[in-house]
Structures are given as C-alpha cells and as structure tokens.
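Visitor: Sequence unavailable; structure follows:
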C-alpha cells in the first residue's frame, strides 16, 4: 500500500466494505481521521472497538462539528438503494467542496442524480466501485487487506481534483484503479458480474424442472465441482441479485440477449451434430477465457 | 477404504484415472495383482515404477497367459471413443466370465454395444462412471485417494454378481456407489455436468461478442470470482466437451431446451421489471442449490 496524504474521511455504512476500508485507512496512516455512521449503535461500538473508525454514531449530529468541517472525502458504503437518500440527508451537515463517493455496483443510476444533489451544496461526487468482498456481511466480517490487488472503477468527471483524490484513496488500500464513464462501467459489469448471476440461477432452476424424481435425486447426488462452480453465484443473496438487475436493467438485458444468441449457437451445433464446429467453438472459449483477469 | 477380496485386475489406459486406480488397489491389498496396458511404452514403465501396476505393456500379448487367465475384472480407462474398440480387441485374449467395466462419462452409448461384444465371448460388462478427476492428465498426475468420498455410478444389469464385484471395486477405493440404468445416468450427468459446460462456454462467447473495445477491455480487467467460477468449465478441454456432447447428445439437448426456458423466464422478469418476482426466483435457486451434493 502506498502512502496517502493525511485526510479526514467519513464512512457511512459500516458493513464488510465500509468496515474493512476503515481498518486499512486507520492502519495505513495513524494521522488519518476516520468517522463513521451506521444505523445500528452496536455496529458503531464494534467499529470503534476494532479501530475501523476513530468515532462512530448512528446520528451525524453526534460527530463534532470541528471534525465534520475538516472532512475531505465521504464514502457511502450503504446498499445501492440507500445511496442517494443518504447523500441527501447528510450533505447539508458537511462543508462545501467535500467529495462524496460510493461503492455501489452500478454507476449510471447513481452518478448523475448524486452529482445533482451535491451541486446544490457546492459539493462534489465521483462514483466508485471497489470490486472486493467475501461471502460474509457486516462489521464482524471486516478484514485488513480486503482491497489489496483488486480492481476498482472510478467514474470520470470534470472535477479532476476530486477524481484524483478518490483514485488515491483506493490506491492507498492497494486497489488497481480503472477510470471510465458510468455507462461503460455498467455494460462491463453487466457482462462479467450481473449476467453470470442470471445464467447461474437459470441452471439451478432448470435442473429443478426435472420431473423424474429418480433422475433429479441422482443429479443431486452426482453434482460435482462443475455444477458447484457454475451454480455458485446463482445461489447467492437474492436481494443483491434483484438490486443489480433493477439498477442496471438495460445493460443486463443487452447482455442477456447476446448470451441467448451464443447459447442458441451452441444448441444449433448440438442439434445438427456439428461436432468439429462444437470443438472449435470450445477451443475458442478455452483460449478467450484466459483474457479475463481472474481466470 | 474397506477391504476387498483378493483380485486379479486389468487396467487398460494408464492415465490419471487408470493410474490412480492402480495406485489405490495396489496399496490397499498387497495380494491384488494388477496388470496394465497403455499404448505408450514410457507410460507402462512409469506405471510400474510408481507401483500403479505389477506389470504393464503396450501389447496384451506380453502379459503372461497365467495372469490373463486368472483375471477377475478389466477396467477400461481409455477416452470414451476408444472404449468399444478396446474391448473388442482384448476380449478374445481373456477368459470366459471375466467382467469388463469402464470409466466413461456417458453410459447409454457404451453399455448396450459393450454387453453385445462381451456376450460373444461369454464375458460380462457392467458400466461405471467414477466421478473423480483433477485438472491434470496422464500417469504423472496419478495420485492416491483420488476416488475417496466421490460418487460413482454403476449401471444395473441382470448379471447381479458382476454388478456386485464392480460395486465392491469402487467401494474399495472409497467411492460412494449409485446404481442406475444408463439412460437415467445420462440424463443426470447431462444436467449437472454436460449442460454446465455449454452454459459456461456460452458466457465466454457472449462476452467476446462485445464490439466496443473499451467496454470489452474493461470487462476483462474487472472480471472477478463470479466470472471466474461461472466460466471455469467453459474454458476446459474442448475435445472432452465435444465428446460428452457427441455421446450424450439427446440428453444434453433435452437439458439445453429446459435451460432455455428457465433463462427465458429470467429474461421475462427483467424485461417486465418484475423485481419482487425476480427476487423470489433467486430465493428459490439459493435454497434449491443446497440440495446438490457438492454445494
């Protein structure tokens, strides 16, 4: 992790992401000041106890004015659906020129309205999407180095200095930052993150359609690593799956249609028993897969 | 691993599966006699050197008659496409009543013709599908305990004693054996093993359809564990993928059609923005996934 200039940072939402961000920022530079907000008073206590924040409260009114007035960046780490209302609620309590950012997995639906809210207070908004996580949730799951070597999107903005500050925040906790516009971000994550959830859930649903009880039971008994891996994200948090679809539905639909065509191509090859062509199709996917970062 | 009665076992094809089977059988009971056949003389030497077999040769004519004549079970561990021709080639050299089995991942296309070949020599065939493996191939990848706690299908047959012997062979190396008819096996593995390959390959292919170079590059940079896991089996051995489709194409097509319907259901929910229903669909898949052994 590289050094980052001393900053005063607010984290709103002290779950896995917010809590882990605080841990790294506090450990990284003892002179950072980190304040936090969580709806749950217990979470606030825990965040203070593990040194994820210097101070936390459910009510921004309890954070001393001298601290709020010095704030450089506020990172909104709530679920997507609460990002805009959270900014609207706390912006009046924060100084002009403060920079807001978020950690939501969609950007177009957030960035423009967030910029509009912030402009009213002469504040700035730059969207972020740090792509890190574990299977766990909540402050109890917060861990050091969660962000290390993971990709993070920061959205382009005319506010160049704000973009630089947000970029350096994520770089400070070890992330590889990619700058792009919200629409490109949403198309890319629709392809590699939201589409897989729908594909994977459809696999589980289609297997459960088997109406021969003996075959279904056998399939469940024989399911091996191939099924496990392909079905993993389809067995994830339903609320999260719904939210990504809801907030990114046009990019997701586009990906789903393209996927339908690729699937139809495979089905056509199997129907017409074009085995050479199927092998060639699979040789291309084997090769193309290596172009993707995590593969 | 349970004790198995002293047997004389032939293994034809000394790759990952055949080589690992020999290692376990030899270690399990020093009084077993294991002979092996591989096309490659080097493989035969290696199999002998690591004690995967007592003796191996590319030519069954080099295995002493007194050994061949005492053989109880011959396990054909070649690729699917070579199973029937291998049995036809070696059956005349082996005693009446010998039991053949195989390790192929499809059963209907193998079992009936294999039974017919064996009947000519008054020999017996029982199909097997031990579901074990690693990402590696060949005798160099052979390992102890590869089969431990993994499922194995043994196909039903009127030859009850032969079924019992084949079942006890796989149980001896630690497998959990499921007996079923070839058609049920093929439908079950189409669902949980062959369909995932096609789904997963279609994901990779559809992402590569993105014609905006910036978005494609971003998708490749951002690809995370969700993409990695969902695309894994679609990036596997193209020849293996082709063979499973070729030898199991009617069951695979059936699974692909059912999958298309489930996918269409998801697309319909996203198109009509029925978010509650999508969340409910995903809650079902989250719950149903836990019914599958490896999940």
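Guide: Received, thanks. This structure is a prediction, so every number in the text was calculated from the model and none was measured.
Visitor: Spit out the contact partners of whichever residue of the stretch 1-150 of chain A sits closest to chain B.
Guide: Nearest residue of the stretch 1-150 of chain A to chain B: residue A:131, at 5.2 Å (CB to the nearest CB). Using the backbone N, CA and C atoms, a C-beta is placed for each residue, glycine as well. Applying CB atoms under 8 Å, 6 or more residues apart in numbering or on different chains to residue A:131 gives the contacts A:150-153, A:193, B:222, B:224.
Visitor: rerun at 6 Å
Guide: The neighbourhood of residue A:131, defined by CB atoms under 6 Å, 6 or more residues apart in numbering or on different chains, consists of A:150-151, B:224.
Visitor: same thing with residue A:294?
Guide: Applying CB under 6 Å, 6+ apart, one finds that residue A:294 lies in contact with B:223-224, B:228.
Visitor: got a pLDDT number for the residue of the stretch 1-150 of chain A closest to chain B?
Guide: pLDDT recorded at residue A:131 is 95.
Visitor: Phi and psi next, for it.
Guide: Phi and psi for residue A:131, reported as degrees, to the nearest 10, are phi -90, psi 80.
Visitor: next one: residue A:56
Guide: Main-chain dihedrals, residue A:56, degrees, to the nearest 10: phi -150, psi 150.
Visitor: How about the contacts made by it?
Guide: With contact set as CB under 6 Å, 6+ apart, residue A:56 has these partners: A:36, A:44, A:47-48.
Visitor: want to throw those residues into JSON lines with secondary structure and neighbour count?
Guide: Supplementary listing: the contacts of residue A:56 in JSON lines, determined by DSSP: H, G, I helix; E, B strand; the rest coil; neighbours: other CB atoms under 10 Å in any protein chain shown:
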{"residue": "A:36", "secondary structure": "strand", "neighbour count": "28"}
{"residue": "A:44", "secondary structure": "helix", "neighbour count": "22"}
{"residue": "A:47", "secondary structure": "helix", "neighbour count": "28"}
{"residue": "A:48", "secondary structure": "helix", "neighbour count": "17"}
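Visitor: In the residues you listed, find the pair that's most separated.
Guide: For the contacts of residue A:56, the farthest-apart pair by CB to CB is A:36 and A:48; their separation is 8.1 Å.
Visitor: Chain neighbours aside, what residue packs nearest to residue A:24?
Guide: Of all residues not flanking residue A:24 in the chain, residue A:173 sits nearest, at 4.3 Å (CB to CB, 6 or more residues apart in numbering or on different chains).
Visitor: That neighbour: neighbouring residues, count only.
Guide: A total of 25 residues lie near residue A:173 under the criterion other CB atoms under 10 Å in any protein chain shown.
Visitor: how much space between it and chain B?
Guide: 17 Å (CB to the nearest CB, to the nearest Å).
Visitor: ok, now how distant is that residue from residue A:147?
Guide: 4 Å (CB to CB, to the nearest Å).
Visitor: One more: residue A:269?
Guide: 42 Å.
Visitor: likewise residue A:93?
Guide: Residue A:93 is 27 Å from residue A:147, by CB to CB.
Visitor: So for the two, which sits in the more crowded spot?
Guide: residue A:147 (24 against 15).
Visitor: What residues sit buried inside the helix ranked longest in chain A?
Guide: Of all the segments of type helix in chain A, defined by DSSP state H, the longest one is helix A:249-271. Neighbour counts using 16 or more other CB atoms under 10 Å in any protein chain shown place A:249, A:251-252, A:254-256, A:258-260, A:262-263, A:265-267, A:269-270 of helix A:249-271 among the buried residues.
Visitor: so does it get close to chain B?
Guide: Yes: on the criterion CB under 6 Å from any CB of the partner chain, helix A:249-271 is in touch with chain B at A:249, A:253, A:256, A:258-259, A:262-263, A:266-267, A:270.
Visitor: and which of those is nearest to residue B:216?
Guide: The closest of the residues of helix A:249-271 next to chain B to residue B:216 turns out to be residue A:258 (CB to CB; 11.9 Å).
Visitor: can you give me the helices in the stretch 51-200 of chain A?
Guide: Counting by DSSP state H, counting those that start in this stretch, one finds helices in the stretch 51-200 of chain A at the ranges A:65-68, A:83-90, A:108-120, A:160-172, A:182-189, A:195-208.
Visitor: Of those, which stretch is the most buried?
Guide: Burial of the helices of the stretch 51-200 of chain A is given as mean neighbour count (mean count of other CB atoms under 10 Å in any protein chain shown); helix A:195-208 ranks first at a mean of 26.
Visitor: Toward the C-terminus from that helix, list the very next helix or strand.
Guide: helix A:213-222 (DSSP states H and E).
Visitor: quick one: that next one to helix A:195-208, angle?
Guide: In terms of direction (axes from the mean of the first three to the mean of the last three CA atoms, to 10 degrees), helix A:213-222 departs from helix A:195-208 by 140 degrees.
Visitor: does chain B sit close to the helix or strand following helix A:213-222?
Guide: Sequence order places helix A:225-231 as the next helix or strand after helix A:213-222, per DSSP H and E. Yes: residues of helix A:225-231 contacting chain B under CB under 6 Å from any CB: A:226-231.
Visitor: Which one of the contacts of residue A:131 is nearest to residue A:8?
Guide: Distances from residue A:8 to the contacts of residue A:131, taken as CB to CB, are shortest for residue A:150 (24.8 Å).
Visitor: just the contacts of residue A:131: which has the poorest pLDDT?
Guide: For those, the pLDDT minimum is residue B:224, 92.
Visitor: tell me the phi and psi of that one?
Guide: Backbone torsions for residue B:224, taken as degrees, to the nearest 10, come to phi -120, psi -160.
Visitor: what sits against the residue most central in space within chain A?
Guide: Residue closest to the average C-alpha location in chain A (CA atoms, centre = their mean): residue A:105, at 3.9 Å. Neighbouring residues of residue A:105 by CB under 6 Å, 6+ apart: A:129, A:244.
Visitor: ditto for residue A:157
Guide: Applying CB under 6 Å, 6+ apart to residue A:157 gives the contacts A:126, A:163.
Visitor: re the thing from before, quick one: which of the contacts of residue A:294 is the most crowded by neighbours?
Guide: residue B:223 (26 neighbours).
Visitor: which one is that residue nearest to, not counting chain neighbours?
Guide: Distance criterion CB to CB, 6+ apart; nearest residue to residue B:223, sequence neighbours excluded, is residue A:292 at 3.8 Å.
Visitor: Next, the one you found: secondary structure please.
Guide: coil (DSSP: H, G, I helix; E, B strand; the rest coil).
Visitor: any idea how far it is from residue A:227?
Guide: According to CB to CB, residue A:292 and residue A:227 sit 21 Å apart.
Visitor: Mind checking which of the two has more residues around it?
Guide: Regarding residue A:292 and residue A:227, a neighbour count based on other CB under 10 Å identifies residue A:227 as having more, with 27 against 21.
Visitor: From the residues of helix A:225-231 next to chain B, pick the one nearest residue A:177.
Guide: Among the residues of helix A:225-231 next to chain B, residue A:229 lies closest to residue A:177 (CB to CB), at 28.6 Å.
Visitor: Isn't that closest one up against residue B:232?
Guide: Yes: using CB atoms under 6 Å, residue A:229 makes contact with residue B:232 at a distance of 4.9 Å.
Visitor: can you give me phi and psi for residue A:69?
Guide: phi -70, psi -20.
Visitor: Just list the residues touching it, thanks.
Guide: With contact set as CB under 6 Å, 6+ apart, residue A:69 has these partners: residue A:95.
Visitor: thought residue A:198 was touching residue B:266?
Guide: Yes: applying CB under 6 Å, one finds residue A:198 in contact with residue B:266, separated by 5.0 Å.
Visitor: For the stretch 1-150 of chain A, what lies in contact range of chain B?
Guide: residue A:131.
Visitor: what residue ranges in the stretch 1-150 of chain A score low on pLDDT?
Guide: Residues of the stretch 1-150 of chain A meeting the criterion pLDDT under 70: A:1-4.
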